[in-house]
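Chemist: All I have is the shape, not the residue letters:
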């Protein structure tokens, strides 16, 4: 009976492994990959429904707060859609698709694909991203290359791929197997490729995420993650060294940022990258002051911006962007307290889940690489969201939700493998 079950699940395990591989490998190198992967996870769920439902029920005490956080985030947007006639129907799409990504969690729990598929997917995605923006920057001469999307989103996701490949080394060094050194080398190269892909875009938001990731690993080093601290520290050192290489553009971007802030503060030119952000954040604060509890719609907020521009209270640079370039301010200004709680929930609940799993794995003597990677994803998105709207992009939304739920499934499968 067990042999028959194994033979039945084997094709599904291979198929699910291919989907897990597709999420990080296709996110930046194709325009359709992430959407196709999310759709195929949903289509696969009926084929493993009995096992998936049983696994979800078995792990529900651990999973519930994450699943409910994504459900709450969708419910808030749905409520505002129902009570605000000006809210467009497409405003429901991203939070609904993010919640439906729970199908990936259920499929991974039932089919139990190999973690290696995600690790090698991250390596393939990181290398592909680096080659793509490298070609755009070096061969085509594009100053801020962004592959198939904008430079900021591309650079931030590329960095996430690098961090996932980096944490994957933890899964290899703890196993004494032939070829382990070669796998660590390839995973390290994938991590480096993701980092360089981010640097080539000129994206500054990723640098803060690097620092937060290093601080997290310093904090987690007592759990058996010391070698990752060294590797990531080397990555931070590399970025610091690239500051002195003019061709990297890092020094130029930092100097531009300092100049933008000084100009805005002195009342000068506000039509700069940081100047626009600072003016938007000022306007967001004014909107929040008027509607602190429940916020206001994007359309109504833009109308208020137009009025304040006419009154001279804001510069006209705020009229072009469609969002606040800050996830927290966007959530609070458009959704009020419920909106902010929704945003905090989809970041904080997964981080707490993975942190508990990382501690359980370390206590049992089996460091959980999937749990550590899971901690780095919401931490990175928090850092990115300080200067950019990561959850405005459908591509970035689906990458976040799928990576969180896939990593949750792999984390719990790893615990069961070790009897934890």
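Modeler: Yep, that arrived. Quick caveat: nothing in here was measured; it's all calculated off a predicted structure. Numbering: from 1, shown residues only.
Chemist: can you pull out the helices in the stretch 301-420 of the chain?
Modeler: If you assign secondary structure with DSSP state H, counting those that start in this stretch, the helices in the stretch 301-420 of the chain sit at 327-363, 369-384, 394-417.
Chemist: Mean neighbour count and distance to residue 42 for the ones you listed - can I get that in CSV?
Modeler: Quick note: C-beta positions are derived from backbone N, CA and C, even for glycine. Below are these laid out as CSV (neighbours: other CB atoms under 10 Å; distance: least, CB to CB, whole Å):
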stretch, mean neighbour count, distance to residue 42
helix 327-363, 21, 19
helix 369-384, 25, 21
helix 394-417, 24, 11
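Chemist: Ok, which of those helices comes nearest residue 36?
Modeler: Proximity of these to residue 36 was assessed by CB to CB; the nearest stretch is helix 394-417, lying at 10.4 Å.
Chemist: ok, back up a step: and residue 119, which of the helices of the stretch 301-420 of the chain is closest to it?
Modeler: Of all the helices of the stretch 301-420 of the chain, the one in closest proximity to residue 119, counting by CB to CB, is helix 369-384 (8.0 Å).
Chemist: Packing partners of that closest one?
Modeler: Based on contacts counted as 3 or more CB pairs under 8 Å, 6 or more residues apart in numbering; DSSP states H and E, the elements that helix 369-384 packs against are helix 151-173, helix 205-220, helix 327-363, helix 394-417.
Chemist: thinking again about what came up before, need the helices of the stretch 301-420 of the chain in CSV (columns: distance to residue 203 and mean pLDDT).
Modeler: Putting those into CSV (distance: least, CB to CB, whole Å; pLDDT from 0 to 100) gives the following:
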stretch, distance to residue 203, mean pLDDT
helix 327-363, 16, 95
helix 369-384, 9, 95
helix 394-417, 13, 96
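Chemist: what about those helices, which gets the closest to residue 45?
Modeler: Comparing those against residue 45 with CB to CB, the closest turns out to be helix 394-417 (11.9 Å).
Chemist: how far out from the middle of the chain is that closest one?
Modeler: Averaging C-alpha coordinates over helix 394-417 and over its chain gives two centres that are 11 Å apart (CA atoms, centre = their mean, to the nearest Å).
Chemist: by how many degrees do that helix and helix 151-173 diverge?
Modeler: Counting by axes from the mean of the first three to the mean of the last three CA atoms, to 10 degrees, helix 394-417 lies at 10 degrees to helix 151-173.
Chemist: Please render the helices and strands packed on helix 369-384 as JSON lines that adds distance to residue 256 to the earlier fields.
Modeler: As requested, the helices and strands packed on helix 369-384 are arranged in JSON lines below (distance: least, CB to CB, whole Å):
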{"stretch": "helix 151-173", "distance to residue 256": "14"}
{"stretch": "helix 205-220", "distance to residue 256": "14"}
{"stretch": "helix 327-363", "distance to residue 256": "22"}
{"stretch": "helix 394-417", "distance to residue 256": "24"}
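Chemist: Looking at those, which is nearest to residue 280?
Modeler: Of all the helices and strands packed on helix 369-384, helix 327-363 sits nearest to residue 280, with 8.0 Å by CB to CB.
Chemist: Sounds good, over and out.
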